[in-house]
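> below: sequence and its predicted model.
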Amino acid sequence: MTYVGIDVSKATFVVAYSSAKSSETKTFKNTTKGIREFIRTISPEENHCVLEATGNYSMLLVYLLSKAGFTVSMENPLKIKNFARVMLSVVKTDEIDARLIALYGERMQPAPFKLRSDSLLLLKQKRTVLRQLKKQLTANRNLEGSLKILPFIDSKCKKVLEKTIKFLEKQIEEMEEELTSLAEIEYKKQMDLLTSIKGIGATLAAALIIATGGFTYFDNAKQLTRYLGLSPTYQQSGTSVNVKGHINRNGDAYLRSQLYIGAMASLRCNTECKACFERLRSNGKPGKVAIVAVANKLIRQAFAVVTQEKIYIDGYKSVKP
């Protein structure tokens, strides 16, 4: 198997057919036509394509390559960056990056990327748009609040802001309904299982399904916790370095904040989460640390009900023979 390195940008992508310094590189347009031209230059039986995850810019390439039967790996850019440091790479061009990605594939042999279903791609788009709409709503509300403290407010500015805020609120409401409706149609069983957990509502359940590919991307709850950036870190070296306690924050910040809010809500109605929080607080742990632990417990509960396909029963105690 030959590893092909691909460096993707908005308009084009550079392909290195080998990691050798003298290897051939080609540039193609990052369009359907350009990707099909690239596909004709390689065979799915002999080539393994490796590229960085660059958001929407790489999704069309990954989608068409996967549909054409190619093995594709989409890696975290931080992994490639750290690999470049290990290789003492000091020069950065698109061609060199493409060869470096090919070398990364040869040395690290990354796992194939699991292409998301069309329904998951639609859910992710809706969630992305919804997140941006909420950011815009917050920005406009903050702007409106800042104008209110002025000696006087321009009537035109006030009217425009009020209309914009009402419009955004309506769009957010409609988008949330569409996202939840689509998730319940495509993943009804998982939605029912997840929302049976006290503290997880329809919005958070849909977000978890999107992030985990319908709980197919991870083998256990610990992997999911690490992916979401809620795993505690620990650094120890000699006698001078001994740092522990904070979370890694490497994952989806928006979903992490949703889990934090869900964890706070679960303290009122989820017996296990409430007991976990109270135990940690009684042991002297700060409130935020205890809430993060509760968020981790929610993830474990979510993973358990989906993988075991059993409705969550609050306060249930297993009886081992």
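Received it, and whenever you're ready, just let me know what you need. Numbers count the residues shown, from 1 in each chain.

> low-confidence bits of the chain, can you list those?
Low-confidence segments of the chain (pLDDT under 70): 234-236, 241-245, 317-321.

> in it, what residue spans correspond to helices?
32-39, 56-67, 77-86, 94-108, 118-148, 155-186, 188-195, 202-212, 221-227, 253-266, 271-282, 287-308 (DSSP state H).

> any idea which residue sits dead centre in the protein?
In the chain, the centroid-proximal residue (C-alpha atoms, centre = their mean) is Asp252; its distance is 4.5 Å.

> ok so, going back, deepest-packed of the helices of the chain, please.
With neighbours taken as mean count of other C-beta atoms under 10 Å, the helices of the chain reach their highest mean count in helix 202-212, at a mean of 23. C-beta here means a position set from N, CA and C on the backbone, and glycine is covered the same way.

> circling back: okay if I get the helices of the chain as JSON lines plus distance to Val14?
Shown next, in JSON lines, are those (distance: least, C-beta to C-beta, whole Å):
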{"stretch": "helix 32-39", "distance to Val14": "10"}
{"stretch": "helix 56-67", "distance to Val14": "12"}
{"stretch": "helix 77-86", "distance to Val14": "14"}
{"stretch": "helix 94-108", "distance to Val14": "4"}
{"stretch": "helix 118-148", "distance to Val14": "25"}
{"stretch": "helix 155-186", "distance to Val14": "36"}
{"stretch": "helix 188-195", "distance to Val14": "39"}
{"stretch": "helix 202-212", "distance to Val14": "30"}
{"stretch": "helix 221-227", "distance to Val14": "29"}
{"stretch": "helix 253-266", "distance to Val14": "30"}
{"stretch": "helix 271-282", "distance to Val14": "49"}
{"stretch": "helix 287-308", "distance to Val14": "38"}
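
> residues contacting the residue nearest to the centre of the chain?
Contacts for Asp252 (C-beta atoms under 8 Å, 6 or more residues apart in numbering) come out as Ala211, Leu228, Gly229.

> do Cys273 as well
Cys273 sits next to Lys198, Gly199, Ala263, Ser266, Leu267, Val294, Lys297, Leu298 when contact means C-beta under 8 Å, 6+ apart.

> distance of Asn25 from Ala84?
Heads up, residue 25 is Thr, not Asn. Per C-beta to C-beta, to the nearest Å, Thr25 is found 17 Å from Ala84.

> just to revisit the earlier point, go through the helices of the chain and name the closest to Ile6.
Distance to Ile6, taken as C-beta to C-beta, is lowest for helix 94-108 among the helices of the chain, at 6.3 Å.

> so which elements touch the closest one?
With contacts taken as 3 or more C-beta pairs under 8 Å, 6 or more residues apart in numbering; DSSP states H and E, helix 94-108 sits against strand 2-8, strand 12-16, strand 25-29, strand 47-52, strand 71-75, helix 77-86.

> between the second one and strand 47-52, how many degrees?
In this case it means strand 12-16. 130 degrees (axes from the mean of the first three to the mean of the last three C-alpha atoms, to 10 degrees).

> swap in the last one?
Angle of helix 77-86 versus strand 47-52, following the same axes, to 10 degrees, is 100 degrees.

> for helix 77-86, packing partners?
Using 3+ C-beta pairs under 8 Å, 6+ apart, helix 77-86 is in contact with helix 94-108.

> got a list of contacts for the helix it packs on?
Under the criterion C-beta under 8 Å, 6+ apart, residues 3-7, 9, 14-21, 23, 25, 27, 48, 50-52, 73, 75, 79-80, 83-84, 87, 89, 110 lie in contact with helix 94-108.

> and which of the contacts of Asp252 is nearest to Glu184?
Closest approach between those and Glu184, by C-beta to C-beta: Ala211, at 17.1 Å.

> nearest spatial neighbour of that closest one, skipping sequence neighbours?
Residue nearest to Ala211 in three dimensions, not counting chain neighbours: Leu255, with 5.6 Å by C-beta to C-beta, 6 or more residues apart in numbering.

> quick one: which of the helices and strands packed on helix 94-108 is nearest Val289?
With C-beta to C-beta as the criterion, Val289 lies closest to helix 77-86 of these, at 25.4 Å.

> compute the inter-axis angle for that closest one and helix 94-108.
Using the same axes, to 10 degrees: helix 77-86 against helix 94-108 is 90 degrees.

> contacting residues around helix 77-86?
Glu52, Ala53, Thr54, Asp97, Leu100, Ile101, Leu103, Tyr104, Arg107, Met108, Asn250.
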